[in-house]
Every structure is written in structure tokens, then in C-alpha cells.
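In: Sharing a sequence plus its predicted fold:
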Amino acid sequence: MSDVQLFRIDDGVATELEGSHALLEKHLQTVVENNMETLFGVRFLRSEYKTGDRHGGRIDSLGVDENGSPVIFEYKRKTSENVINQGLFYLDWLMDHRAEFVQLVRDSEHDELTDVIDWSAPRLICVATDFNRYDRHAVQQIDRAIDLVRYRDFGERLLTLDLVHTNATESTTAAASRSAQTGSRTPVVATPAAAEDVSSAEDAEDASGYGGTGRSGVLEKLEKAPPALRELFDTLADYFLTLGDDVSKKTLKHYVSFRRLKFFGSLKIRPVGGEVLVMLKLDPDTVELREGFTRDVRGIGHHGVGDLEVRVSDSSQLDEVYTMILLAYDNG
């Protein structure tokens, strides 16, 4: 059973709302698909997607997240239904039909992601009334990016989603290796006109002091960075991960991102400037913007997750940065 309790307060008196798992599977699917970006940070592509006569399957929902990773959703109302095995079957199908997925993205309203689809770790999100201990143990043995999400319907237009388990945390070395093998490109967040200019300038600046070509990734830059800067990066990464058991990490070419159900922040290293860039999903209008420290990057091309950029060059800034990271985590 879910350990989530929801109360309504009337005149100072708390009344517990009774949750149920009676929400019909199709209704749940419709709610998620209509609100996929709000609930999961994933852009919706297709519903009930057929995998062809040979496989004879039908993927409940298909999407693509803001980092360019393909996402499969499977929903089940009964714990006895083997949603995990079914989802793994569809993940294998997806990896064998990459061109078909790319075409889906190209034909969608999210066609700007066509050239940055990341095949290093396609995701499976299983949404069910509950998961037993065997489900959780099985997922831990599988080297795939799998989220187990438990839902509960409290009526009165209230729905809770509980991240029971995430299998997305991985070593940065393994992630970078897979990204290189699959030829994945890192998404650039911004208006199309600005994205290329700003991201190219960032790469050129980083390469100028390290004899590179402007195409080195975050791991290479970390390796070449001064020890103090590496320590600062690691300290920030560790803080993200210690916020909760529900936080997972994903390494792309130019940055490392962190998420709960949705991505809420990322880190990028700038060796030439001697700083770590912290990108956060916070409204810049709610934060004091200071020259050289915090910056509103809405509409400006940048690598990473979020609209607020924080430049960290010294450990004395950490307490202030931690406060902003925690706010982004709470919003995620």
C-alpha cells in the first residue's frame, strides 16, 4: 500500500482523504498523456503506438524528455500484471526501430529535438497501483533506465504520483561511453537562432585553453581541470544526489543532469573560466540576479536543464547555491 496520506483542513480540523486505486487504466493514461510534461517533464508523442504485425504489441504512450531520451510509458491497475517485462519488450523493440522513432519526433510539434535524440539510455516509466518487492528487486538487476511510479486517486480532482524506485543513476564513465557509441548529441536549450551561437561560443572558450577542438565532453574537461575545480564540481554533484533517494543522475556529452520524476538541474564545467555552471529549473524572476553569479537564460542558447544559470567559482558560494538547488529540488 502507498504510504502517502492526504488531509483536508477545515476550520483547523484535519480530515484524511481516502485514496483508492479505482482509477481506470485508460483514464489514467489519458490524464498522463494530456499532462505529460507537467507531471513527468516528458513531451508527448503518440498513444497506443502499434509495434507492427510481427511483434503484435501496442505501446501505451511514447514521449521524449528534455534531454532527448526516448520514453515509454506503461500503465497497469493491478499489481499482478507484469508491466515491467512488457515495458522491457518494448524497449528492445524501440532500440531496433530507431529510425521509426526519429520520424515520429520529426513529424511532431517537438521536431526541434529530432537531431538531439539520445539513445544512450532510453527510459521506461511504469505507472501502477503498487509494486511488490519482487518487482523492485528485478528492476535493480536490470541495466536499464526504469522508473516505477505508484499512483493513487484521492477524488476531488486529486492525484498523487510516488516514485517508488528509479534505476537511472549510473557511473558517468558508463554513460559517456554509451553516448559516444550511439553517436548521441547533447540537446541545446533555447530559441533556434540563439542556440548555435551561444553553445558554440561556450565550446570554443573551453577548448582554447586546453588545446581541444571545442568538442570535448564534460568528462574530458573534468579530467583536465585543476584539482580544486574538480573538487568543486564533485561537491555540487554530491549535494544533488544527497537531497533524496529519488534523485538520479544522467551524464550527457556537455553536462550532468539530475532529476526526480522530472529533471530539475544540471552541472557543466568551464575550465577556462575556472567555474562550474549550475543550471536550475527555477523561475529567474523569483531569484535575485547578480552580475557574474546568477543569470536569466530564457531565450538564450545553453546546454543544460533550466532557465537559471548560477556560476560557482569558490566554495564560499556553496551555501547560497545549495539553497537554490534545494528550491529546484522541491519544485521538481
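Out: Cool, got the structure. Numbers count the residues shown, from 1 in each chain.
In: What ranges in the stretch 101-250 of the chain fall below the confidence cut-off?
Out: The model of the stretch 101-250 of the chain has pLDDT under 70 over residues 156, 168-216.
In: can you pull out the helices in it?
Out: Listed in chain order, the helices of the stretch 101-250 of the chain (DSSP state H, counting those that start in this stretch) span 133-140, 172-182, 192-208, 218-224, 227-242.
In: what about stretch 270-287, how long is it end to end?
Out: One end of stretch 270-287 to the other measures 23 Å (CA to CA, to the nearest Å).
In: Return the set of buried residues in it.
Out: Neighbour-count burial for stretch 270-287, counted by 16 or more other CB atoms under 10 Å, picks out 270-271, 274-282, 284, 287. To be clear about C-beta, it is placed using only N, CA and C from the backbone, and glycine gets the same treatment.
In: now swap in stretch 112-123 and tell me
Out: So for stretch 112-123, counting by 16+ other CB under 10 Å, buried means Leu113, Thr114, Val116, Ile117, Asp118, Trp119, Ser120, Ala121, Pro122, Arg123.
In: Equivalent analysis for stretch 149-159, please.
Out: Val149, Arg150, Tyr151, Arg152, Asp153, Phe154, Leu159.
In: how distant is it from the center of its chain?
Out: Remark: stretch 149-159 is offset 22 Å from the chain centroid, using CA atoms, centre = their mean, to the nearest Å.
In: Then stretch 26-45?
Out: Distance of stretch 26-45 from the chain centroid (CA atoms, centre = their mean) equals 15 Å.
In: From start to finish, how long is that stretch in a straight line?
Out: 17 Å.
In: which outside residues touch it?
Out: By CB atoms under 8 Å, 6 or more residues apart in numbering, the surrounding residues in contact with stretch 26-45 are 47, 60-66, 71, 73, 75, 77, 104-105, 108, 110, 113, 125, 127, 151, 159, 161, 259, 261-263.
In: again, but for stretch 91-104
Out: Counting by CB under 8 Å, 6+ apart, 45-46, 49, 51, 55, 57, 62, 70, 72, 114, 117, 119, 122, 124, 144 sit against stretch 91-104.
In: at 6 Å instead, please
Out: Leu45, Thr51, His55, Pro70, Pro122, Leu124 (CB atoms under 6 Å, 6 or more residues apart in numbering).
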